[in-house]
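> sharing a model that was predicted from the sequence below.
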Amino acid sequence: MGAMQPVTTAVILAAGLGTRMLPATKSVPKEMLPIVDRPLVQYCVEEAIAAGIKRIVFVTAKGKEAIREHFQAGARVELAVRETGNVALAEDLARIGAAASFEYVNQERQLGIAHAVNCARSHLEGAPFALMFPDDLLLGPVSCVSELCGAYAQTGGSVIAVEPVADEDVPQYGIVDPEDSANPARLRRVVEKPRLADAPSRLGIVGRYILSETIFTHIDRIPAGANGELQITDALASQIAAGETVSSFQFSGRRFDTGRPLGYLTAAVAAAMERPGLSDALRDRLVPLLAEG
């Protein structure tokens, strides 16, 4: 193995329908739902940029045009804001679009995460990349993808973000089987949605990965599962079976599942509490509301 390649590209999966958040997502992509005053997908992009990543590839679908518009420089709103003289806000709107290059590929049919990654193959082959799910909002002082890149620099191979999950939630997650309690830890296997009795640990997979450049070889090898879907956990399991290094990493931030109303609301409050100008005023309003309940 030669010198390890740095991670310079992030893939953001944004093709899902957002059915658990209907009717809000009927005409607005779920990735564009706001947390405080920024769409979910912008948190994802900022997390990647904070890790030094300069190239973002979106896997999108029909009806997701708003995402492209959001990251386009010189958008209509930006020009209008500039005309009103609010230069600071206009610069803020322009900054995110200028901080990285954005590419878009289409996933015609929802056939699993590995299938979505495969749709972007021509943009990715030959180098490791970060894979990000906007549904998982990660808040904390350090970018999770940045931490994963640091872990990857130690281990090589693929790296999976994990966190401890409650016993009752184990059957909803991919669960990892680490060799030891190190962080990062090399994995013996990954188990998709096990029964609690069969789970090798309580560490559940979160929507952040570094995938090594061999991942496409393994996506080609795996059989389609339920509904013809290709699962990324199967491709990672194939890497492990081939003797390649796959590691888990316990990140330092807090994760919120914004794909469901309760997680979405909790995430919005948590994000607001991290904003100096908002946190005290929000607390003053929430405390009496909660007391009424």
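Everything's here; your move. All of these numbers come straight from a predicted model, not from anything done at the bench. Residues are numbered from 1 along each chain as shown.

> in stretch 102-117, what's buried?
102, 104, 105, 107, 111, 112, 113, 114, 115, 116, 117 (16 or more other Cβ atoms under 10 Å). In short, each C-beta sits where N, CA and C put it, glycine included.

> the fifth one contacts residue 226, correct?
Pointing back at residue 111 there. No - under the criterion of Cβ atoms under 8 Å, residue 111 lies out of contact with residue 226, with a separation of 10.8 Å.

> OK, contacts around the residue nearest to residue 195 when sequence neighbours are not counted?
In space, residue 195 comes closest to residue 171 once its chain neighbours are excluded; the distance is 6.1 Å by Cβ to Cβ, 6 or more residues apart in numbering. For residue 171, the set of contacting residues under the criterion of Cβ atoms under 8 Å, 6 or more residues apart in numbering consists of 193, 194, 195, 196.

> rewinding a little: out of the buried residues of stretch 102-117, which are inside helices?
When those are checked against helices using DSSP state H, the ones located there are 113, 114, 115, 116, 117.

> what sits closest to the third one if chain neighbours are left out?
In other words, residue 115. The shortest distance from residue 115 to any non-neighbouring residue, by Cβ to Cβ, 6+ apart, is to residue 230 (4.4 Å).

> which residues in this structure form helices?
Secondary structure of the chain (DSSP H): helices located at 40-50, 65-70, 76-83, 87-98, 113-119, 121-124, 144-155, 215-221, 232-241, 261-273, 276-292.

> just put those helices in CSV and tack on mean pLDDT and distance to residue 29.
Putting the helices of the chain into CSV (pLDDT from 0 to 100; distance: least, Cβ to Cβ, whole Å) gives the following:
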stretch, mean pLDDT, distance to residue 29
helix 40-50, 96, 8
helix 65-70, 91, 6
helix 76-83, 81, 17
helix 87-98, 81, 17
helix 113-119, 96, 15
helix 121-124, 96, 20
helix 144-155, 97, 21
helix 215-221, 97, 25
helix 232-241, 96, 21
helix 261-273, 97, 14
helix 276-292, 94, 25
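
> the ones you listed: which one's closest to residue 15?
helix 113-119 (5.9 Å; Cβ to Cβ).

> helices and strands around that closest one, which ones?
In terms of contacts (3 or more Cβ pairs under 8 Å, 6 or more residues apart in numbering; DSSP states H and E), helix 113-119 is packed against strand 9-13, strand 55-60, helix 215-221, helix 232-241.

> for residue 152, grab the count of nearby residues.
Burial of residue 152, expressed as a neighbour count using other Cβ atoms under 10 Å, amounts to 26.
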